[in-house]
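> give me coordinates for this.
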Amino acid sequence: MVNARILQQDCSSFLKGERVIAAGVFVVNVEDFAKEYVAPVAVGAGVGIAVDVVETLAGFDADVVAAVAGTAAMSRTRHEVFKREAQKQGLTPVMICAITEKKIYLLNWDGNVRSGNGPSRILLEFRRAYATIHESKKMAVTTTLVISENGSSAAIQANFGLLAPNKTMNKDVIKELQKSGRKRM
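Prediction:
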């Protein structure tokens, strides 16, 4: 399990001495994160490639066939492009959410929810006073928080099931997020 005090100290050191009020290790959908921040151009290229492949396989300029096949393949192609691009940039499905007096940071975490290393990069930051926080719960076991500001957003998720790790520190982060900016809880 991740030690909350050490994680806070590591985050504070990485953020050049900014006092970290709370820090936790959360699951992030890398595809959704990558969709907005990593590879929007690559998706367009992926769809174009899918259409070209269908035309080549059909042996003629099959605009209608290619469009239908391209649309069907688009979802899978997009998923693979996002996944590959996220991996190239070192993004994993687990990230640190660190809260300071004025900011909310999403930082990289090299590992899983039980152990790992980090942070070494700021992936996203939000101003606490202006960020909008939307919280949703599934069966009182999983909490999803969508943090957004000025068109940028990220969804982080914590599991509070019986054997879930990091419950206390993630609850501390959620309490601090609830004090932030505009709420849509």
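
> ok, residues contacting stretch 121-131?
Defining contact as CB atoms under 8 Å, 6 or more residues apart in numbering, one finds that stretch 121-131 is touched by 33, 37, 90-91, 95, 99-108, 147-150, 152, 154, 179-182. (Each C-beta comes from the backbone N, C-alpha and C, glycine too.)

> switch to 6 Å and redo it
Stretch 121-131 has contacts (CB atoms under 6 Å, 6 or more residues apart in numbering) with 102-108, 147, 149, 154, 180-181.

> selecting buried members of those residues in PyMOL, what would you type?
Buried residues among the contacts of stretch 121-131 (16 or more other CB atoms under 10 Å), as a PyMOL selection:
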select buried, resi 103+104+105+106+107+108+147+149+154+180+181
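
> pull the most distant pair out of the contacts of stretch 121-131.
By the measure CB to CB, 108 and 181 form the most distant pair in the contacts of stretch 121-131, at 23.5 Å.

> start to end distance for stretch 105-116?
Distance across stretch 105-116, first residue to last, is 18 Å (CA to CA, to the nearest Å).

> residues contacting it, please?
For stretch 105-116, with CB under 6 Å, 6+ apart as the criterion, the contacting residues are 25, 94-98, 117-125, 154, 165.

> and for residue 126, the neighbour number?
Residue 126 has 24 neighbouring residues, counting by other CB atoms under 10 Å.

> who does the helix or strand hosting it pair up with?
Take DSSP states H and E as the rule and residue 126 turns out to sit in strand 122-127. Sheet pairing of strand 122-127 (DSSP bridges) gives strand 103-108 (antiparallel).

> in contact with residue 156, which residues?
Contacts of residue 156 by CB under 6 Å, 6+ apart are 26, 28, 97, 145.

> grab the nearest non-local neighbour of it.
residue 26 (3.9 Å; CB to CB, 6 or more residues apart in numbering).

> I'd like the mean pLDDT over stretch 104-123, please.
For stretch 104-123, mean pLDDT rounds to 92.

> in that stretch, which residues are buried?
Buried, per 16+ other CB under 10 Å, within stretch 104-123: 104-109, 113, 116, 118-119, 123.

> again, but for stretch 155-171
Residues 155-159, 166-167, 169-170 are the ones in stretch 155-171 that count as buried (16+ other CB under 10 Å).

> how about the helices in this structure?
All helices of the chain, identified by DSSP state H, fall at 4-14, 30-37, 40-58, 63-88, 167-178.

> weakest of the ones you listed in terms of mean pLDDT?
Minimum mean pLDDT among these: helix 40-58, a mean of 47.

> run a quick neighbour tally on residue 131.
Residue 131 has 21 nearby residues by other CB under 10 Å.

> make a markdown table from the buried residues of stretch 155-171 and add distance to residue 141 to it.
Converted to a markdown table, the buried residues of stretch 155-171 look like this (distance: CB to CB, whole Å):
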| residue | distance to residue 141 |
| --- | --- |
| 155 | 17 |
| 156 | 15 |
| 157 | 11 |
| 158 | 10 |
| 159 | 6 |
| 166 | 14 |
| 167 | 11 |
| 169 | 17 |
| 170 | 12 |
